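I'd like to go over a predicted model; first the sequence, then the structure.
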Amino acid sequence: MTPALKNPRNALIATLLVLSVFPLFGSDYYNELVTKIMIMTIFAMSLDLLVGFTGLVSFGHAAFFGVAAYAVVLLSPQYEAASLWLVLPGAVAVAAAVAFVVGLFVLRTKGIYFIMVTLAFAQMIYFIFHDSPLGGGSDGVFLNFKPELRIGDTLLLDLGEPRLFYYFVLLFLVVAYVFLRVLLRSPLGHALAGIKSNEHRMVSLGFPVFLYKLAGFVIAGGLAGLAGFLSACQFGFVTPELLSWHQSGNVLLMVILGGIGSLNGAAIGAVAFVVLQEVFSAVTKHWQFLMGAVIVLVVMLLPGGLSSVPGRLRRLLVGGGSNGR
Amino acid sequence: MDFTTFLIQLLNALQYGLLLFLVASGLTLIFGIMGIINLAHGSFYMMGAYIAFSLTSLTGNLLTAVVLGIALAAAIGFLLEWALFSKLYKRDHLDQVLLTYGLILMFEEVRSVIVGDDVHGVAIPQLLSASVQLSETLSYPVYRLFISAVCIALAVAMYWLIRHTRLGMMIRAGSSNREMVQSLGIDIDLVYRLVFALGVTLAAFAGMLAAPVSSVYPGMGNQVLIICFVVVVIGGVGSIWGALVAALLIGLADTFGKVIFPEYAGLIVYLLMAAVLLWRPEGIFRRI
Amino acid sequence: MRNGYNRRNFLLSGFGVAAGLVLPSAPLFAQGAKKVRVGLMLPYTGTYAALGNAITNGFKLAVEQGGGKLGGREIEYFTVDDESDAAKAPENANKLIKRDNVDVLVGTVHSGVALAMTRVARETKTLLIVPNAGADEITGPLCAPNIFRTSFSAWQPAYAMGNVMAEKKHKNVVTLSWKYSFGEQSVAGFKEAFEKAGGKIVKEMYLPFPNVEFQPYLTEIAALKPDAVFVFFAGGGAVKFVKDYDAAGLKKTIPLYGSGFLTDGTLEAQGASAEGLLTTLHYADGLDIPKDKEFRAAYASAFKMQPDVYAVQGYDSAQLLAAGVAAVGGDVSKRAELIKAMEAATIDSPRGKFTLSKAHNPVQDIYLRKVEGKENKVVSVAAKALADPARGCRM
């Protein structure tokens, strides 16, 4: 790593530069792959707001992602493209609203209990879509036309065009990143951090802890909804599997793989997860074994996730001797 | 629904609930006492079923298979605690979620390599293969009644173990204050290791017991995992009685839900959970 | 907007092989040097792993019998494990289409995944052969010139069973299936034939997928006392249902019928509980067809196990593709001729010869089978050359 890149800000700018010119060189497939990774990064960052910054380990985060994806399809007319003005805020609002209702229930619980209750609620929402004809049942439902942005009669943006869509996602990735950065520095962000480190103290200091947590939960749900919206637009296909507990597990994995409590970590985790999957599934039929083994190894040997690797290496080279935490 | 049918459905509900209790009890034990969230619990259930299948076809006898299987499961649980879980007590629940998630993937592939991906059946032991005539057209297999009896016996045994034995005392003490128990000179590490092995064994035993009825197939563990979570959530983390009551409630809700509201049968269990959480956010029973 | 997208992707995705469209001299060159790129998108992990492997084996057997060639061209495989996860389906299909530039996509087992693949194949104009998934839509509303199926539609075996049960003078029937679209379509197919023949469905019951707690339904069946029961289940659920039905004593009094998957690949596990059950499917044991005997012997010696219906479907997928490739002399860029040849092909399948309907679904005999020992022995032909109605297909 060159010294210039050691500064996180420089690294961020470099990443952004690479991302902005990538479509000029990458093939169609890799453009789509990177688009997907960016969407997953937004999703992982939204979860990190809960897991890493508030100390709420949600195991049902895919529910909000999936609900928003369904909202896109259900809000779109069948035989023409929907307006972006409608479906984007609509999808995010639906996800936030569902997060609000679920939050009222689950935030009354703590610790292990919270993990299980979020899982169970996500599973309930999964079954709503799986068993009802609302969204095409178990087969899922297709988005016939991708949303478009119009002012009057002029078409400004058509999300069906992959390269444009790439930049659209990149824009939202930056927006989400900046939004979270600002949020974490705001009073709400400080309150959430306080809840993470010592909830009892926050309560005794007179903070409306429940409301803060609910606010964090709704914001995280809304951001997950943004990712769900983008995912529905990318693939034009929405299935109950988007809400399954495997998805919730995968996104949690991304957050932890990268290292919790850092937005950059969420991004690193999303990249690592997708790349590992690509590589392993090319090697063997039993690639899930390798995936599982990597997870186990990361948990046992790398408590800080992949983003802690440079620090560890530095300590090792400088001879600091300390082994992480 | 006439009265006979109602009674038979009630029996179905009880029987299903008891089986759920058997699977979930190991989960709630590990949760409540060790504070470990074990997603791989379903995999241990699957492992038990596959052990029953493999050993039955090897030894020709389910009983022998179960005895050997219990020893095997206990050993696996013991080893896993020693090698992995014991390192995680001071860590976040998050790490436990991850670790056990990774284990699910590994176990499933190991199963695929060793036994393959086919569906298999396990024969019901000759002795228990009869059935009881309940109505003109319907009879009830003795083996199902046997499972229920075993579940009840286990519930009583676990209650006795935790309330009235020295080990149980150590477990109860250890779950409320690990450090203090240690300072009293009790080998708390060994206690935890035993509890974990017990939890794994319970899940595997449930799998073995259910194998003749449910058959063994890939992915069978994931199906029971979520419902076990719901049992524990409703019953209250770590409460054996809670798990029993919750399992029976779910058995009732599921069975009668399927009959009375067939359109929403998939949701009823979760609605029950939401209702209980509104009433008691920490589940029906709070402690062991 | 969609047109621009499609056209561009088509050109890009097919570029390697479709070079012939751009450079008139390319085909000669391509014929000698380039292999046909076949993308297998099948489940290799999870619940359907065994089915994915059987289809792959069948496909490769057909290729090997052609001397490692398909219609005179060598082929190169690209595989993706679809994990039977519909959420990943569009992405996995794109992996083969856009990254590996396959000429033909073969897959898959799970209907939800196959529907998503069909969608992608329509958009990118990729040639798709579906070797199992029975969702009616694939050769219904989603039908397209480049989409073929070598297996069945959910409607076919179920419809045939409706007639069989009506002929057996059953009047009042209860149906039971998982609540997911494949089960619902099977029941709908059965109902159509059975009610047309004057039968009556007393009650349609569905249980949430993948729940296997059947006892409440068995109790209800016992209380309703219908003349017979028609079910759709597959895999582990089928095993448990058949055993539970028998253990509840219902098998003696209320005959059980089903779509063939109830007893396919599951007989070893079901044991005596399955003995005597009648099911309908497009394949059976003990067919008096020379091609079948030859196929079974070859499969058994190549893979050290007995083939099943999934292996047959994989085998026929390769045969169908071979028919197309051979007709264009190995030049797969001649898309229109290739498709025409595939449409017109008569596939010499182990299940018996079949042709394709206008919607590209097999027009095939559906057999009535009876479980004897560990085999689904053919009893009779339940429906001769049955064609799916292809509702909603505009082609």
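Looks like it arrived, so ask away.

phi, psi of residue B:139?
For residue B:139, the backbone dihedrals (degrees, to the nearest 10) come out as phi -120, psi 170.

wait, I meant residue C:210
Dihedral angles (degrees, to the nearest 10) for residue C:210: phi -100, psi 40.

Tell me which residues touch the residue nearest to it when sequence neighbours are not counted, please.
Spatial nearest neighbour of residue C:210, excluding adjacent residues (CB to CB, 6 or more residues apart in numbering or on different chains): residue B:223 at 5.8 Å. For the C-beta atoms, the positions are set from N, CA and C on the backbone; glycine is no exception. The contact partners of residue B:223, taken as CB atoms under 8 Å, 6 or more residues apart in numbering or on different chains, are B:42, C:210, C:212.

Residue B:142 too?
By CB under 8 Å, 6+ apart, the contact list for residue B:142 reads B:128-132.

which residues of the chain fall in strands?
If you meant another chain, say so; for now it's chain A. In chain A, the segments counted as strands under DSSP state E are A:141-142, A:148-151, A:154-158, A:237-238.

try chain C instead
Using DSSP E, strands in chain C cover C:36-42, C:69-70, C:73-81, C:104-106, C:127-130, C:147-149, C:172-178, C:200-207, C:228-232, C:256-259, C:278-281, C:355-356, C:362-372, C:375-386.

Out of these, which is closest to chain B?
strand C:200-207 (6.2 Å; CB to the nearest CB).

and the closest one, C-alpha only, in PDB?
Extracted in PDB, the C-alpha atoms of strand C:200-207 (Å, rounded to 0.1, in the frame of the first residue of the first chain):
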ATOM      1  CA  LYS C 200     -66.400 -33.300  -7.800                       C
ATOM      2  CA  ILE C 201     -63.600 -31.800  -5.700                       C
ATOM      3  CA  VAL C 202     -65.000 -31.900  -2.100                       C
ATOM      4  CA  LYS C 203     -62.200 -29.800  -0.700                       C
ATOM      5  CA  GLU C 204     -58.900 -28.300  -1.900                       C
ATOM      6  CA  MET C 205     -56.400 -28.200   0.900                       C
ATOM      7  CA  TYR C 206     -53.000 -26.500   0.900                       C
ATOM      8  CA  LEU C 207     -50.400 -26.500   3.600                       C
END
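
Taking strand C:228-232 as reference, get the angle to it.
Orientation check (axes from the mean of the first three to the mean of the last three CA atoms, to 10 degrees): strand C:200-207 against strand C:228-232 gives 40 degrees.

Which strands and helices lie in contact with strand C:200-207?
strand C:172-178, helix C:181-196, helix C:215-224 (3 or more CB pairs under 8 Å, 6 or more residues apart in numbering or on different chains; DSSP states H and E).

now the strands of chain C as JSON lines including mean neighbour count?
What follows is these, written out as JSON lines (neighbours: other CB atoms under 10 Å in any protein chain shown):
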{"stretch": "strand C:36-42", "mean neighbour count": "25"}
{"stretch": "strand C:69-70", "mean neighbour count": "22"}
{"stretch": "strand C:73-81", "mean neighbour count": "19"}
{"stretch": "strand C:104-106", "mean neighbour count": "28"}
{"stretch": "strand C:127-130", "mean neighbour count": "27"}
{"stretch": "strand C:147-149", "mean neighbour count": "27"}
{"stretch": "strand C:172-178", "mean neighbour count": "23"}
{"stretch": "strand C:200-207", "mean neighbour count": "18"}
{"stretch": "strand C:228-232", "mean neighbour count": "26"}
{"stretch": "strand C:256-259", "mean neighbour count": "27"}
{"stretch": "strand C:278-281", "mean neighbour count": "26"}
{"stretch": "strand C:355-356", "mean neighbour count": "18"}
{"stretch": "strand C:362-372", "mean neighbour count": "23"}
{"stretch": "strand C:375-386", "mean neighbour count": "18"}
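
Flag every residue of the stretch 201-325 of chain A that's near chain C.
Counting by CB under 8 Å from any CB of the partner chain, the stretch 201-325 of chain A comes close to chain C at A:235-237, A:239-242, A:244, A:246-247, A:281, A:285-288.

Check the burial of residue B:116 by counting its neighbours.
Residue B:116 is flanked by 12 other residues according to other CB atoms under 10 Å in any protein chain shown.

How about the contacts made by it?
Contacts of residue B:116 by CB under 8 Å, 6+ apart are residue C:50.

any idea whether it is helix, strand or coil?
coil (DSSP: H, G, I helix; E, B strand; the rest coil).

nearest residue to residue B:281 other than its sequence neighbours?
In space, and not counting its chain neighbours, residue B:281 is closest to residue A:108: 3.8 Å by CB to CB, 6+ apart.

list the contacts for the most centrally placed residue in chain C?
The residue lying closest to the centre of chain C (CA atoms, centre = their mean) is residue C:132, at 2.3 Å. Going by CB under 8 Å, 6+ apart, residue C:132 touches C:51, C:55, C:108-109, C:114, C:151, C:310, C:313.

Out of those residues, which is nearest to chain B?
Using CB to the nearest CB, the contacts of residue C:132 come closest to chain B at residue C:51, 8.5 Å.

Can you give me the distance of that closest one to residue C:352?
21 Å (CB to CB, to the nearest Å).

of the two, who's got more company?
Comparing residue C:51 with residue C:352 by other CB under 10 Å, the one with more neighbours is residue C:51, at 28 against 20.

Tell me who's in contact with the more buried one.
C:42-43, C:109, C:132, C:265, C:310.

Just the ones of the residues you listed in helices?
Applying DSSP state H to the contacts of residue C:51, the entries found in helices are residue C:310.

Out of the contacts of residue C:51, the closest to residue C:391 would be?
Nearest to residue C:391 among these: residue C:132, at 20.7 Å, using CB to CB.

hmm, back to that, what does the pLDDT read for the residue nearest to residue B:281?
Residue A:108 carries a pLDDT value of 89.

Burial check on it, number of neighbours?
Residue A:108 has 17 neighbours, counted by other CB under 10 Å.

before we move on, what about residue A:188?
14.

Leaving out sequence neighbours, find the closest residue to it.
Leaving aside its chain neighbours, residue A:188 sits nearest to residue A:215 (6.2 Å; criterion: CB to CB, 6+ apart).

Find the nearest non-adjacent residue to residue A:60, please.
residue A:122 (2.9 Å).

Just to check, that neighbour is in contact with residue A:62?
Yes - the criterion here is CB atoms under 8 Å, and residue A:122 meets it with residue A:62 at 6.1 Å.

who touches both of these two?
A:243, A:245, A:248.

Return the item of the residues you listed having minimum pLDDT.
Among those, residue A:245 has the lowest pLDDT, at 89.
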